[in-house]
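Enquirer: Predicted model and sequence below, questions to follow.
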Number of protein chains: 4
Amino acid sequence: MSVDVTETDAKVTRPAPDAGFPQSASPTQDLGRLLIRCPDRPGVVSAVSTFLTGAGANIVSLDQYSTEPVGGMFLQRTAFRLPGLSAACAEFEREFGETVAADFGMDFRLTEASKPKRVAIMVSKTDHCVLDLLWRNRRGELDMTVAMVISNHPDLADEIRPFGVPFIHTPATRDNRAEAEQRQLELLKGNVDLVVLARYMQIITPTFLSEVGAPLINIHHSFLPAFIGAAPYRRAKERGVKLVGATAHYVTEDLDEGPIIDQDVVRVSHQHTTADLVRLGADVERAVLSRAVRWHCDDRIVRHENQTIVF
Amino acid sequence: MSVDVTETDAKVTRPAPDAGFPQSASPTQDLGRLLIRCPDRPGVVSAVSTFLTGAGANIVSLDQYSTEPVGGMFLQRTAFRLPGLSAACAEFEREFGETVAADFGMDFRLTEASKPKRVAIMVSKTDHCVLDLLWRNRRGELDMTVAMVISNHPDLADEIRPFGVPFIHTPATRDNRAEAEQRQLELLKGNVDLVVLARYMQIITPTFLSEVGAPLINIHHSFLPAFIGAAPYRRAKERGVKLVGATAHYVTEDLDEGPIIDQDVVRVSHQHTTADLVRLGADVERAVLSRAVRWHCDDRIVRHENQTIVF
Amino acid sequence: MSVDVTETDAKVTRPAPDAGFPQSASPTQDLGRLLIRCPDRPGVVSAVSTFLTGAGANIVSLDQYSTEPVGGMFLQRTAFRLPGLSAACAEFEREFGETVAADFGMDFRLTEASKPKRVAIMVSKTDHCVLDLLWRNRRGELDMTVAMVISNHPDLADEIRPFGVPFIHTPATRDNRAEAEQRQLELLKGNVDLVVLARYMQIITPTFLSEVGAPLINIHHSFLPAFIGAAPYRRAKERGVKLVGATAHYVTEDLDEGPIIDQDVVRVSHQHTTADLVRLGADVERAVLSRAVRWHCDDRIVRHENQTIVF
Amino acid sequence: MSVDVTETDAKVTRPAPDAGFPQSASPTQDLGRLLIRCPDRPGVVSAVSTFLTGAGANIVSLDQYSTEPVGGMFLQRTAFRLPGLSAACAEFEREFGETVAADFGMDFRLTEASKPKRVAIMVSKTDHCVLDLLWRNRRGELDMTVAMVISNHPDLADEIRPFGVPFIHTPATRDNRAEAEQRQLELLKGNVDLVVLARYMQIITPTFLSEVGAPLINIHHSFLPAFIGAAPYRRAKERGVKLVGATAHYVTEDLDEGPIIDQDVVRVSHQHTTADLVRLGADVERAVLSRAVRWHCDDRIVRHENQTIVF
């Protein structure tokens, strides 16, 4: 059955982090990503690409977006290959900052694909999101270093540790919430580039948000219409919704109102029980969260006001 | 190119109204639909099917649903073929009512597929929904009789009249809203079995709702999250939503909160302008509304509390 | 973030095997499924439901299908609850066979939901399909007993054994293929009710098929158009397909031509590399295969000629 | 109901042809599109954008693609705004050709968005594809000039002429096929930039293809697996497919094997009759064909070997 031998041999080896982009079949060595943001005016694309060419870089992909037809902000992601990038990085940043960035009043960020993001995953009791992230990471299709998994419950330890990832239990009860948060901050601050809330069912406080020093991505069920508050799936069932979905977003002080990264839905009918909606919703949640984390780790997302540009 | 001659010859002839159901290839003659609703208890399926068999009917399809595992409401739709149905209908109803329905404390409704629903479509200025309904009706895939199209604007007259359907303009200004409503009610009362709001941008008053004497189906844009109020597409764009969609629902006194019939979405990205979102949303709206109207006209929808069961 | 406490507490507990069906919130005890097949004629539904009611059963769900408007085959699945089903099963079968089944020339099959199917999963080197099956089984959303995982490669042992499932390596080289097949048959015959080929990259011989004594479900990549033979993903890339997909089907002697159980696709573009297509295809494969196995284990699939009816 | 007043007022006005792209809210005046193709080597992006900036153009969007990580072909689409483009066009082309294009061994094409493509639509008896194209064009969301509709049958005249488009009947019988083709070529040659086969059920001959002087886009049903030859929907039904779909592609001498532009599918089940499959397939066909034509008319498609790059 299914004797596509070549496919077997070719098995899914670690794809370049830019897979999905032109010229991405090669490894991450010497692959840089330059994200810029400045007021839109003629000459930006030319200035950036001329600088890169002059520095000896070969542009691998280039995506840009203007927030308005005229007079808005200009955002661009350029992936490029520059032999000896790691050694040249600091000098490149300084020079680009003093010339192009200064000329155009530009914010910019330069990252090296060979340095995967350090990621912490926070979970409670359900496993579908965290396992999908760890499995894709082990499989080589999600380029990140999982520094730790933190949970307010001990339940998932045995499922997570076989992936070779530290599982740290920080019990959070009604009485010790502040201490638990401090303990989490000690673990996270300076150690991670991204925190993923993979069905973490505790309130994230403004303190945590301002001190953790890394962006947070959260996954949230989504319905049309929305059911805010307790038991959303039961209420969605009672309302007879025909779609259940999920939204991945960056966490801001407005609970569940941060910039949307990705969304998806699945069709349901009256035949589905509330338990079915939860099950089908979980499939959407893990898919959407994994895509959002992947795009973040590949430096494909630029935030602008309360939205995301996903290049 | 594409020389599938057979398909051409077989062209899309008027499908039976139950197309999509078993045994539906034949015409609507003698095809009945029995919808029942009663407290759930053993023996209902047996009693109904035995009655039908005894009456000389052949069951074409049978779908049922219980709202709870035990002790809920039981809903069933049975399509059947009974030679001479039209003549026998009154007697069938009386007998079924006195026996099975009485025994089980059952509400029921018997319809004949050969008597299409009489439908009024209400529109404002945009044509996508009404044209899709009229086109599917002309094509033979939406079994209804369009009695009239009513609009508060004259704009669409020339597009609609070529379908052979009356277009009636009932101007509604801030000052004459009550009279306009009365005029509409005069046109509708007793003349139609269903009113479809195909992007009709006027408030439906409780008076209209209680007097019109027919169910109303509305189509509404839908987003995750919802954007209630003015300029929803623009606000969805500003929020950076990744899905735009539409919901078809029955109209109740709770504006836009009636039982959902169908929903769907389409993926969008930051590259889409607000105008693109409106355009893509229109494609979803016409598809969802046409499905909802089709299901209603085929007697496939049962309302229960604030939800629909679509058999 | 996401403090929907109720949802957490309600967590995904083992759903009844008929989840997705009316009245399915309760456990599998006393839950029976009766699948029938006979020439279509009036009175079948009535006879079956009257028999069940007479036997003291409460019908939980009933789905039927006729292959033709008139004169075709009639297929029906009835789920019902009968107190003491296990003890009464043999007598029920005998009586039903001698009365209803005999009257209508009916094939039938009676299964108890409380007796999960015994399943063997056969794999080669890729893990996505087998892990998704094992994970859903552990999570309680795929009701089966995984008797063993058999592989022609040792690679996946460490990933599979933590699920508490035997992993058996049956090396198959060019020289020992027949012996390897015999070894597999010894393991499988009489021990399993279903064999799932979860990306098993060896030819299934007619001998194996006729001797294994259980149905086989396979998962296969699918494209529009199809690319038969080696390296299908590379060739799909070269052709510039805009969709990649997967098909789950029963295995027959016609390689990859058996009755289709489920299919799905995902959109791709020129930006995706061949490695991306393989990765995205894997996501579709695991989703489609898991659905197909779930439907089989819930006795929802009836085969008829070269197609499936999925109730 | 649905009182989103702003949306009504804002109604769907003619979007710029680049809608869906950054900075596309303004009209087509002065909007140019430059498509290039050359062997991939460093400096292309920089050279093109520097030329454009030097010419006084403001880059509106820029998309590029390389067929290989190294050593492949480089394709790029640049949309830009240049005051006085129409007058400057010839000079721009000459200069660009002598400098950048010559330096990089580049093919290129420059188009003006203010000059819509002249399109002929060829149909037989079914109306769904042609009506969707004409309706989108009238509505302002498909920027083209429909020069004529040509049909081998008279059936659709009354549906098409109200759109203000010439309907020309070129009867094609077994005996006069060659003359009919000549008549069609006389109508088309030199008069159109694109021919759309909107369910045109006649063979396109190599003669026609080589003489017509414009690309052809065709729409074709698609299944997994494919059913080549007569009655594909009936055979798909017999095989029990779970998806039906459509493929839009450029026509080449390999019948139905030309470069794919877009594809889509819809889920179906055993409950759908063959007539239902035809009906649902038609919905997919019109959606896919309209997207393909839109992308072509917006100069978003580049052909490379047997695939398309859709920017």
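Expert: Done, it's in.
Enquirer: Neighbours of A:Pro27, how many?
Expert: Around A:Pro27 there are 13 other residues, counting by other C-beta atoms under 10 Å in any protein chain shown. Backbone N, C-alpha and C define where each C-beta goes, glycine included.
Enquirer: What pLDDT is listed against it?
Expert: Listed pLDDT for A:Pro27 reads 73.
Enquirer: which SS state does it fall under?
Expert: Recorded secondary structure, A:Pro27: coil (DSSP: H, G, I helix; E, B strand; the rest coil).
Enquirer: any idea how far it is from chain C?
Expert: Taking C-beta to the nearest C-beta, to the nearest Å as the measure, A:Pro27 falls 12 Å from chain C.
Enquirer: Where does pLDDT dip in chain A?
Expert: Chain A contains residues with pLDDT under 70 at A:1-26.
Enquirer: can you give me the strands in it?
Expert: With DSSP state E, the ranges of strands along chain A come out as A:31-39, A:58-66, A:73-81, A:107-112, A:117-123, A:144-151, A:167-169, A:194-197, A:216-223, A:243-250, A:260-267, A:301-304, A:307-310.
Enquirer: Can you give me the buried ones in the fourth one?
Expert: Of the residues in strand A:107-112, those buried by neighbour count under the rule 16 or more other C-beta atoms under 10 Å in any protein chain shown are A:Phe108, A:Leu110, A:Thr111, A:Glu112.
Enquirer: quick one: contacts of it?
Expert: Residues from elsewhere that reach strand A:107-112, judged by C-beta atoms under 8 Å, 6 or more residues apart in numbering or on different chains: A:28, A:31-38, A:85-86, A:89, A:92-93, A:96-97, A:101, A:299.
Enquirer: Geometrically speaking, which residue is the centre of chain A?
Expert: Centroid check for chain A by C-alpha atoms, centre = their mean gives A:Val293 as the closest residue, at 2.7 Å.
Enquirer: Nearest to B:Asp127 among the buried residues of strand A:107-112?
Expert: Lowest distance from B:Asp127 to those (C-beta to C-beta) belongs to A:Phe108, with 47.1 Å.
Enquirer: which one's the longest helix in chain A?
Expert: In chain A, assigned by DSSP state H, the helix with the most residues is helix A:274-297.
Enquirer: For it, list the C-alpha coordinates in CSV.
Expert: What follows is helix A:274-297, C-alpha atoms only, in CSV (Å, rounded to 0.1, in the frame of the first residue of the first chain):
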residue,chain,number,x,y,z
THR,A,274,-21.1,20.0,24.1
ALA,A,275,-18.3,17.4,24.6
ASP,A,276,-18.0,17.2,20.8
LEU,A,277,-17.7,20.9,20.6
VAL,A,278,-14.9,20.9,23.2
ARG,A,279,-13.1,18.1,21.3
LEU,A,280,-13.5,19.8,17.9
GLY,A,281,-12.5,23.1,19.3
ALA,A,282,-9.4,21.5,20.8
ASP,A,283,-8.3,20.4,17.3
VAL,A,284,-8.7,24.0,16.0
GLU,A,285,-6.9,25.4,19.0
ARG,A,286,-3.8,23.3,18.6
ALA,A,287,-3.6,24.0,14.9
VAL,A,288,-4.0,27.8,15.3
LEU,A,289,-1.6,28.1,18.2
SER,A,290,1.1,26.1,16.5
ARG,A,291,0.8,28.2,13.4
ALA,A,292,1.0,31.4,15.4
VAL,A,293,4.1,30.2,17.4
ARG,A,294,5.7,29.1,14.2
TRP,A,295,5.2,32.5,12.5
HIS,A,296,6.5,34.3,15.6
CYS,A,297,9.6,32.1,15.8
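Enquirer: quick one, it and strand A:260-267 angle?
Expert: Counting by axes from the mean of the first three to the mean of the last three C-alpha atoms, to 10 degrees, helix A:274-297 lies at 150 degrees to strand A:260-267.
Enquirer: Around chain C, pick out the residues from the stretch 101-250 of chain A.
Expert: Within the stretch 101-250 of chain A, the positions adjacent to chain C are A:124-128, A:131, A:135, A:139, A:141, A:162, A:197, A:199-204, A:216, A:218-221, A:229-234 by C-beta under 8 Å from any C-beta of the partner chain.
Enquirer: Of those, which belong to helices?
Expert: A:His128, A:Leu131, A:Trp135, A:Arg139, A:Pro232, A:Tyr233, A:Arg234.
Enquirer: What is the burial count for the fifth one?
Expert: Using other C-beta under 10 Å, A:Pro232 is surrounded by 22 other residues.
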